[in-house]
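Q: Here is my input; please provide its structure:
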Amino acid sequence: AAPREEAQQEVSRLRRRCEAHLKERGALTSILEKKVKSLVDDLARSLLEASTAPGRDHAPRQPVLAAAQQVSVLQKLVNASVAALKMPEADDRQGAAGEAEAN
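A: Next comes the predicted model:
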């Protein structure tokens, strides 16, 4: 009965992991579609404006400054996405450590 109980616990643990992965995937999809794409589109427009705007001096133009701010926001979003992707790895290690301690 013990091996069967262990198998059922493993199935339950795997189901919880799958549910978590589905939620994380949905969140990442939303971030990428709604935030990253929008920022990249805005960045492309700003850079186009900066590259075609006539300039009399070498001072940074407003579109270039806006592009720099958008890149900063984009970096933060990418970092948050990477952190979210790493979360399941931490869960896996904790699960493996817990299983090792149980054995």
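
Q: what sits against Asn79?
A: Neighbour list for Asn79: empty [criterion: C-beta atoms under 8 Å, 6 or more residues apart in numbering]. Every C-beta, even on glycine, is put in place using the N, C-alpha and C of the backbone.

Q: how far is the helix or strand hosting Glu6 from where the chain is centred?
A: Using DSSP states H and E, Glu6 sits within helix 2-30. Put simply, helix 2-30 sits 20 Å off its chain's centre (C-alpha atoms, centre = their mean, to the nearest Å).

Q: Which SSE is immediately downstream of it?
A: Past helix 2-30, the next helix or strand by DSSP H and E is helix 37-52.

Q: Not counting that next one itself, show me its contacts.
A: With C-beta under 8 Å, 6+ apart, helix 37-52 has contacts from 61, 63-64, 66-67, 70-71, 73-74, 77.

Q: Looking at the residues you listed, spot the one nearest Leu32.
A: Leu77 (8.7 Å; C-beta to C-beta).

Q: check which helix or strand covers that closest one.
A: helix 62-102.

Q: That helix - what's its average pLDDT?
A: For helix 62-102, mean pLDDT is 67.

Q: same deal with stretch 15-22?
A: Rounded mean pLDDT across stretch 15-22 is 92.

Q: So for this structure, the centremost residue is which one?
A: In the chain, the centroid-proximal residue (C-alpha atoms, centre = their mean) is Ser81; its distance is 1.3 Å.

Q: Distance of that residue relative to Lys23?
A: Separation of Ser81 from Lys23 (C-beta to C-beta, to the nearest Å): 14 Å.

Q: What residues does Val36 make contact with?
A: With C-beta under 8 Å, 6+ apart, Val36 has these contacts: 74, 77-78, 81.

Q: Recalculate using a threshold of 6 Å.
A: By C-beta atoms under 6 Å, 6 or more residues apart in numbering, Val36 lies in contact with Leu77.
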